[in-house]
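# curious how this folds, go ahead:
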Amino acid sequence: MQTLSLLQCQKDKFSLSPDATYLNCSYMAPLMKSVEEAGIRGLQLKRTPQHISHHEFFGEVEELRKTYAQLIHAGDPQRIVIVPSVSYGMAVVARNLKIGKGENIVVVGEQFPSNVYAWQKLAAQKQANIKTVDAPDIQEGRGKRWNEQLLEAIDASTRLVAIANVHWSDGTRFDLKAIRQRTREVGALLAIDGTQSVGALPLDVSEIQPDALICAGYKWLMGPYAISLAYFGPYFDEGEPLEEGWISRYNSEDFTNLVNYEERYQPGALRYEMGERSNFILVPMMLQAIRELSSWGVENIQAYCSQLAEPAIKELKRLGLLVEDPTFRGSHMFGIRLPEQLGMQQLQQKLKTENVLVSVRGKSVRVSPHLYNEEEDMQRLLDCFRSVC
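Numbers count the residues shown, from 1 in each chain. Next comes the predicted model:
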């Protein structure tokens with residue numbers, strides 16, 4: 001792993017257009033050249049299926065488990081499973097959550113839909129309640145107060161807290177250690193959507209010990225679309241999967257014995273893997289992406305983004321714009337909130353004209369740099385804001 005002082009801009013590992021300023025990794029990460037090449041090799045392999053071996057079905061998947069487990073500090077790689085999406089992983093949690101009439105699930109306001117719909121359906125089925133903790137309508141100390149209100153909402157009737165590490169719309173960071181402690185006090189589960197943090201913001205599963213952590217692969221994990229990685233803790237070891245596929249059954253590695261139908265599932269979390277999980281294109285791409293992240297070091301990625309973002313954030317605040325306190329956000333993704341008198345439409349037009357690519361989510365302009373960005377990119381962003389301030 002490289003040290004903080006050695007990590008430099010990695011733009012040469014990507015194929016981004018020089019005409020665009022891409023500050024939008026929280027929308028979708030660009031593929032690294034090495035990840036693209038892994039996908040091409042997978043495509044080429046599929047045209048000659050006689051060369052698809054036991055290793056492609058099982059070996060690469062096990063490598064992916066191990067590499068990802070190391071990235072998030074999960075001690076047992078067998079707790080890592082391949083799923084198609086965050087909504088799939090949350091559906092696993094919903095199917096196995098023990099919740100009764102009048103009990104509640106806690107979420108935060110304007111949470112990403114993939115981490116909401118499953119709870120709405122489950123609450124309706126079980127006559128349970130959804131407790132939504134909205135962001136406080138204040139300017140200073142917003143992230144701190146939001147975290148306080150979230151902890152206050154968790155009570156003796158709470159059976160699940162389902163949140164992200166950082167809010168997808170503006171990057172507000174939630175204190176997972178404090179939330180985990182509170183859920184233990186009341187006997188609730190903690191399910192985390194790590195899509196907007198894992199890979200760029202350090203998260204230690206051995207420290208937080210969530211019951212579930214589910215991450216889409218195409219954002220900060222720098223992988224392809226339609227593959228996600230999930231961690232399931234001991235609560236789910238004897239649970240019911242969503243699918244009844246062959247590969248999630250015990251001893252499925254023995255192709256010659258598949259017609260002797262097996263009632264037993266693969267042990268523990270492995271029962272939850274999706275059908276056709278051994279995707280000969282997506283798995284090697286995801287594996288290569290995580291290898292690259294591991295070589296850089298997540299801490300180093302966050303430090304690099306901090307070096308880029310913090311001087312720009314200081315200038316944005318000087319212009320009268322609102323950015324969350326650093327204690328309650330990361331540097332890889334932050335929201336810029338405009339005062340009421342400034343026109344969002346005018347800013348969006350300027351960003352479009354200058355080909356500065358960010359996202360507008362709710363009332364925030366969401367900025368998300370990565371290792372392919374340089375100081376000049378942040379200056380182009382600042383110039384756009386200066387034009388409307």
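# buried residues in stretch 259-275?
In terms of neighbour count (16 or more other CB atoms under 10 Å), stretch 259-275 has its buried residues at Tyr265, Gln266, Gly268, Ala269, Leu270, Arg271, Tyr272, Glu273, Met274. Bear in mind the C-beta positions are built from the backbone N, C-alpha and C, glycine included.
# which two of these have the greatest separation?
Spatially, the most separated pair among the buried residues of stretch 259-275 is Gly268 and Met274, at 16.2 Å (CB to CB).
# surely Ile163 forms part of a strand?
Yes - judged by DSSP: H, G, I helix; E, B strand; the rest coil, Ile163 forms part of a strand.
# what's around it, how many residues?
21 (other CB atoms under 10 Å).
# from what I see, it and Val108 are in contact.
Yes - the pair Ile163 and Val108 qualifies as a contact (CB atoms under 8 Å) at a distance of 5.7 Å.
# how about JSON lines for the buried residues of stretch 259-275, with secondary structure and pLDDT added?
Output for these, formatted as JSON lines (DSSP: H, G, I helix; E, B strand; the rest coil; pLDDT from 0 to 100):
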{"residue": "Tyr265", "secondary structure": "strand", "pLDDT": "93"}
{"residue": "Gln266", "secondary structure": "coil", "pLDDT": "92"}
{"residue": "Gly268", "secondary structure": "helix", "pLDDT": "93"}
{"residue": "Ala269", "secondary structure": "helix", "pLDDT": "96"}
{"residue": "Leu270", "secondary structure": "helix", "pLDDT": "96"}
{"residue": "Arg271", "secondary structure": "helix", "pLDDT": "96"}
{"residue": "Tyr272", "secondary structure": "helix", "pLDDT": "97"}
{"residue": "Glu273", "secondary structure": "coil", "pLDDT": "95"}
{"residue": "Met274", "secondary structure": "coil", "pLDDT": "95"}
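# among those residues, which one sits closest to Gly42?
Gly42 lies nearest to Met274 out of the buried residues of stretch 259-275, by CB to CB, at 17.3 Å.
# where does Ala178 land in three-state SS?
Under the three-state scheme (three-state DSSP), Ala178 adopts helix.
# now the element after the one helix or strand Ile130 maps to, going C-ward?
Assigned by DSSP states H and E, Ile130 belongs to strand 129-133. Using DSSP H and E, the helix or strand that follows strand 129-133 in sequence is helix 142-153.
# quick check: angle from that following helix to strand 129-133?
In terms of direction (axes from the mean of the first three to the mean of the last three CA atoms, to 10 degrees), helix 142-153 departs from strand 129-133 by 160 degrees.
# tell me which residues in helix 142-153 are buried?
In helix 142-153, counting by 16+ other CB under 10 Å, buried: Arg142, Gly143, Lys144, Trp146, Asn147, Leu150, Leu151, Ala153.
# report the contact partners of the third one.
With contacts defined as CB atoms under 8 Å, 6 or more residues apart in numbering, the neighbours of Lys144 are Asp325, Thr327, Phe328.
# what about the first one, neighbour count?
To tie it back to what came earlier, the one meant is Asp325. 13.
# identify the residues contacting it.
With contacts taken as CB under 8 Å, 6+ apart, Asp325 has the following neighbours: Gly141, Gly143, Lys144.
# which among these gets closest to Trp220?
Using CB to CB, Gly143 is the member of the contacts of Asp325 that lies nearest Trp220, at 19.6 Å.
# relative to Leu45, how far out is that closest one?
Distance, Gly143 to Leu45, using CB to CB, to the nearest Å: 47 Å.
# swap in Ser157?
With CB to CB as the criterion, Ser157 and Leu45 are 52 Å apart.
# can you check Ile301 too?
30 Å.
# try Val186
50 Å.
# those two: which is more packed in?
Set Val186 next to Leu45 and count neighbours by other CB under 10 Å: Leu45 wins out with 16 against 13.
# list the residues that contact the more buried one.
Neighbouring residues of Leu45 by CB under 8 Å, 6+ apart: His51, Ile52, Glu56, Phe280.
# the residue sitting furthest away from the middle of the chain and Ser278, how far apart?
The C-alpha centroid of the chain is most remote from Asn260, which lies 38.6 Å away (CA atoms, centre = their mean). Distance, Asn260 to Ser278, by CB to CB: 21 Å.
# same check, this time on Leu23
Applying CB to CB, the value for Leu23 to Ser278 is 35 Å.
# not counting its neighbours along the chain, what's nearest Ile290?
Of all residues not flanking Ile290 in the chain, Thr67 sits nearest, at 4.9 Å (CB to CB, 6 or more residues apart in numbering).
# got the contact list for that neighbour?
Leu287, Ile290, Arg291, Ser294.
# now do the helix or strand encompassing the second one, average pLDDT.
Right, Ile290. Per DSSP H and E: Ile290 is located in helix 282-296. In this model, helix 282-296 has an average pLDDT of 98.
# how about the very next helix or strand once past that helix: buried residues?
Using DSSP H and E, the next helix or strand after helix 282-296 towards the C-terminus is helix 298-318. Of the residues in helix 298-318, 298, 300-302, 304-306, 308-309, 312-313, 315-316 count as buried by neighbour count, 16+ other CB under 10 Å.
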